[in-house]
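# Sequence first, then the predicted structure:
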Number of protein chains: 2
Amino acid sequence: MKKLRPDLIHRRNHPHIQPIRDLQIRNERERTNNFFVDGLRFVHRAFCNGAHIDRLIVSPDLVDATGKNFQLIEKLQRKGVPVSYVTGDVYKSICTAEDAQGFGAVIRRRIYKLRKVAPGRGTCWLAVSSIRSPGNLGTIMRTAEAVCAAGIIMIGDNIDPFHPATVRASMGSVFSLILVRTTMSEFARWAVDNESFVVGSSPSANLDYRLVAYPQRTVLFIGDERKGLSAEQLEACSVVVSIPMSDSLDSLNVSIATSVILYEIHNQMRPPSLQLCPPAG
Amino acid sequence: MKKLRPDLIHRRNHPHIQPIRDLQIRNERERTNNFFVDGLRFVHRAFCNGAHIDRLIVSPDLVDATGKNFQLIEKLQRKGVPVSYVTGDVYKSICTAEDAQGFGAVIRRRIYKLRKVAPGRGTCWLAVSSIRSPGNLGTIMRTAEAVCAAGIIMIGDNIDPFHPATVRASMGSVFSLILVRTTMSEFARWAVDNESFVVGSSPSANLDYRLVAYPQRTVLFIGDERKGLSAEQLEACSVVVSIPMSDSLDSLNVSIATSVILYEIHNQMRPPSLQLCPPAG
């Protein structure tokens, strides 16, 4: 096994490092169109899903740059991706996760326009306008990939799928789902034009989520955890469903509610005897 | 409306305050058999579920101690619960949540022995031996209450249902579920003696979770997120199920997987036309 002995970057304000540290801030991610991910698994999934990888950052203080790790470094170098080797201290200045792996990458954000995407793709689409916890959003993305959903339609500017905690909780689904940004009015028009079946989810709805036969072109539209769906959002819905629960509770965690309904849609489309679905993306 | 004008505790090391701050540490919770909860909703649910409330802590700097809040203070005072009024600074020294509400209580932990609980109670029991994130455990407890599960059987000493992040994510389900602590061997014996149907959950199992007819006396047994169920744990299972998912992923978040299966059990027991279930606990 070949052992790398590169020169390490020791300075936190090195011109390759400072801009990566700034990617912790949403404004900087949007200005540069880049985000940073930590972890071999994530870099590997980005690579397999054809993401544009801007730079690989490896800290031999934290990770063993041999074996699988080395193979990925070599593969990326052959594609022309530059690699920076940094000290553990420098790495931890750009990745604040407690268990920073020391193997990360700067990756180009990829967000599509709504008019470019096919309404009937995958099990369904998921539309969201506000999810308060970045971790919940990432968990929802992970389930969306699990049920072979096409992707996430982000309505308005609230949602940031590239927040470090979201990327982390998504376990890399951020790379395989199609991410779309649109406005509420554009979404409503698109849904009508494409004969989509928009299913609102709201704890106050009377319709049991299991009583709906979900057709092709279903879009599951998740309301805000506290405020639910607005009047304008409800108007875009074909039906609004809720999940029955004990009277002693008024709601489920938003990632749980979304996942339970996603699995119902998935289950209706794929009966138990026919389980396999192609990888999404 | 009556406005309270009590003397406030200003000192962080006041003899009523220091022991509450220490409850952030698990050892202290276990030594004193108490834990601290922040939030009117939580104190209210503790009260409604008959929890023993040791002391109420209110910070008029953070919360308006009139209206609903005042009614609960009065109710608890009538029951003989002492109330300490503290400054915002002192309150934030005992409750580290960013959005500390300024209305909290010290509450007695309530953990039952396995031989004291009824195997056929509620929709099912949930058995867990290791959940890595306190938030995930709380989210699982919230879903368990939603589906009218009887409670949580904690196997071994890993699980702490009174961690502040767990209590918070449970939205108060920690008060309505029956919490049981036992050992693996005692659990295995109890399951056999009571003819329980123990359903293991493991991403590597071949049996689709929807292909099982869940009987009365079902216990859903959740394995570790990374290691799954151990050989000893598998031996106690009647069946082991998994949730089908895209080939591109190897697992779901543990709170999602648990919730999807809990809802399947709940749905089988309560068809769509018959949704209401009595509050758990």
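Cool, got the structure.

# Run a quick neighbour tally on A:Thr183.
A:Thr183 has 12 neighbours, counted by other C-beta atoms under 10 Å in any protein chain shown. In short, each C-beta sits where N, CA and C put it, glycine included.

# what about the helices in chain A?
Per DSSP state H, chain A carries helices over the ranges A:18-21, A:26-32, A:40-48, A:67-78, A:88-94, A:134-146, A:164-170, A:173-176, A:184-193, A:231-235, A:254-269.

# Which one of the ones you listed has the poorest average confidence?
Lowest mean pLDDT of those: helix A:67-78, a mean of 92.

# Show me what that one is packed up against.
In this structure, helix A:67-78 makes packing contacts with helix A:40-48, strand A:53-58, strand A:83-85, judged by 3 or more C-beta pairs under 8 Å, 6 or more residues apart in numbering or on different chains; DSSP states H and E.

# thinking again about what came up before, distance to A:Gly104 added to the helices of chain A, as TSV?
Compiled in TSV, the helices of chain A are given as follows (distance: least, C-beta to C-beta, whole Å):
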stretch	distance to A:Gly104
helix A:18-21	9
helix A:26-32	14
helix A:40-48	7
helix A:67-78	12
helix A:88-94	8
helix A:134-146	17
helix A:164-170	10
helix A:173-176	14
helix A:184-193	34
helix A:231-235	37
helix A:254-269	25
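
# pretty sure A:Ile152 contacts A:Asp160?
No: if you go by C-beta atoms under 8 Å, A:Ile152 and A:Asp160 don't touch, sitting 11.5 Å apart.

# So those two - more neighbours on which side?
Each of A:Ile152 and A:Asp160 has its neighbours counted (other C-beta under 10 Å); A:Ile152 has more, 25 against 17.

# any idea how far B:Arg31 is from the more buried one?
Note on A:Ile152: its distance to B:Arg31, by C-beta to C-beta, to the nearest Å, is 46 Å.

# again, but for A:Leu114
57 Å.

# Pick out whichever of those two has more residues nearby.
A:Leu114 (20 against 11).

# in the sheet, who's paired with the closest residue in space to that one that isn't next to it in sequence?
Distances taken as C-beta to C-beta, 6 or more residues apart in numbering or on different chains place A:Thr182 nearest to A:Leu114, at 4.1 Å, with adjacent residues excluded. Beta bridges link A:Thr182 to A:Ile155 when assigned by DSSP bridges.

# hang on, A:Thr182 packs against A:Ile155?
Yes: taking contacts as C-beta under 8 Å, A:Thr182 lies within contact range of A:Ile155: 6.1 Å.

# got the contact list for A:Val241?
Residues near A:Val241 by C-beta atoms under 8 Å, 6 or more residues apart in numbering or on different chains: A:Val199, A:Gly200, A:Ser201, A:Ser202, A:Ala205, A:Leu207, A:Asp208, A:Tyr209, A:Leu211, A:Val212, A:Ile261.

# go on, A:Pro119?
With C-beta under 8 Å, 6+ apart, A:Pro119 has these contacts: A:Trp125, A:Trp190, A:Asn194, A:Glu195, A:Ser196, A:Arg217, A:Val219.

# Out of the residues you listed, which two sit at the greatest distance?
The largest separation in the contacts of A:Pro119, counting by C-beta to C-beta, is between A:Trp125 and A:Glu195 at 13.3 Å.

# Out of the two, name the residue with the larger neighbour count.
Comparing A:Trp125 with A:Glu195 by neighbour count (other C-beta under 10 Å), the higher total belongs to A:Trp125, at 28 against 12.

# Could you list the residues of the stretch 101-250 of chain A in contact with chain B?
Residues of the stretch 101-250 of chain A lying close to chain B (C-beta under 8 Å from any C-beta of the partner chain) are A:135, A:139, A:142-143, A:145-148, A:169, A:171, A:173, A:176, A:208, A:210-211, A:243-249.

# Outline the domain layout of chain A.
Following automatic domain parsing, one gets these domains for chain A: A:18-108, A:112-269.

# With distance to B:Ile73 as new columns, can these be given to me in CSV?
What follows is those, written out as CSV (distance: least, C-beta to C-beta, whole Å):
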stretch, distance to B:Ile73
domain A:18-108, 39
domain A:112-269, 23
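
# most packed of those?
The densest packing among these, expressed as mean neighbour count by mean count of other C-beta atoms under 10 Å in any protein chain shown, is seen in domain A:112-269 with a mean of 20.

# How far off centre is that domain?
12 Å (C-alpha atoms, centre = their mean, to the nearest Å).

# still on that earlier bit, nearest to B:His16 among the helices of chain A would be which one?
The nearest among these, by C-beta to C-beta, is helix A:134-146 at 34.8 Å.

# list the contacts for the residue positioned nearest the centre of chain A?
Centroid check for chain A by C-alpha atoms, centre = their mean gives A:Val174 as the closest residue, at 3.1 Å. By C-beta under 8 Å, 6+ apart, the contact list for A:Val174 reads A:Gly138, A:Met141, A:Pro161, A:Phe162, A:Thr166, A:Val167.

# what two of the residues you listed have the greatest distance between them?
A:Met141 and A:Phe162 (11.2 Å).

# Make sure A:Arg115 is actually in contact with A:Arg189.
No: using C-beta under 8 Å as the test, A:Arg115 is too far from A:Arg189 to be in contact (9.7 Å).

# who touches both of the two?
By C-beta under 8 Å, 6+ apart, A:Arg115 and A:Arg189 have no common neighbours.

# still on that earlier bit, tell me the one among the contacts of A:Val174 nearest to chain B.
Among the contacts of A:Val174, A:Gly138 lies closest to chain B (C-beta to the nearest C-beta), at 8.8 Å.

# give me every residue that touches that closest one.
A:Ala165, A:Thr166, A:Val167, A:Arg168, A:Ala169, A:Ser170, A:Met171, A:Ser173, A:Val174.

# change it to 7 Å
A:Gly138 is in contact with A:Ala165, A:Thr166, A:Val167, A:Arg168, A:Ala169, A:Ser170, counting by C-beta atoms under 7 Å, 6 or more residues apart in numbering or on different chains.

# Mind putting the residues you listed into JSON lines with distance to A:Gln71?
Output for those, formatted as JSON lines (distance: C-beta to C-beta, whole Å):
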{"residue": "A:Ala165", "distance to A:Gln71": "29"}
{"residue": "A:Thr166", "distance to A:Gln71": "28"}
{"residue": "A:Val167", "distance to A:Gln71": "23"}
{"residue": "A:Arg168", "distance to A:Gln71": "23"}
{"residue": "A:Ala169", "distance to A:Gln71": "27"}
{"residue": "A:Ser170", "distance to A:Gln71": "24"}
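
# any idea which of those is closest to B:Phe103?
The closest of the contacts of A:Gly138, once distances to B:Phe103 are taken by C-beta to C-beta, is A:Ala165, at 28.1 Å.

# Please name the nearest non-neighbouring residue to that closest one.
A:Pro134 (3.9 Å).

# what's the answer for A:Ser201, then?
Closest residue to A:Ser201 apart from its sequence neighbours, by C-beta to C-beta, 6+ apart: A:Ile222 at 5.3 Å.

# So what pairs up with the one you found in the strands?
Here A:Ile222, judged by DSSP bridges, has bridge partners A:Val128, A:Ser201.

# State the distance from it to B:Val167.
From A:Ile222 to B:Val167 the distance is 25 Å (C-beta to C-beta).

# Kindly report the same for A:Leu211.
Distance, A:Leu211 to B:Val167, by C-beta to C-beta: 34 Å.

# now swap in A:Arg132 and tell me
In terms of C-beta to C-beta, A:Arg132 sits 19 Å off from B:Val167.

# What of A:Leu234?
From A:Leu234 to B:Val167 the distance is 33 Å (C-beta to C-beta).

# Name the residue of the stretch 1-150 of chain A that lies nearest to chain B.
For the stretch 1-150 of chain A, C-beta to the nearest C-beta, closest residue to chain B: A:Ala146, 3.8 Å.

# My read is that that residue contacts B:Pro244, right?
No: contact criterion C-beta atoms under 7 Å: A:Ala146 and B:Pro244 do not qualify, at 8.6 Å.

# What sits closest to A:Gly228 if chain neighbours are left out?
The shortest distance from A:Gly228 to any non-neighbouring residue, by C-beta to C-beta, 6+ apart, is to A:Ser202 (4.6 Å).
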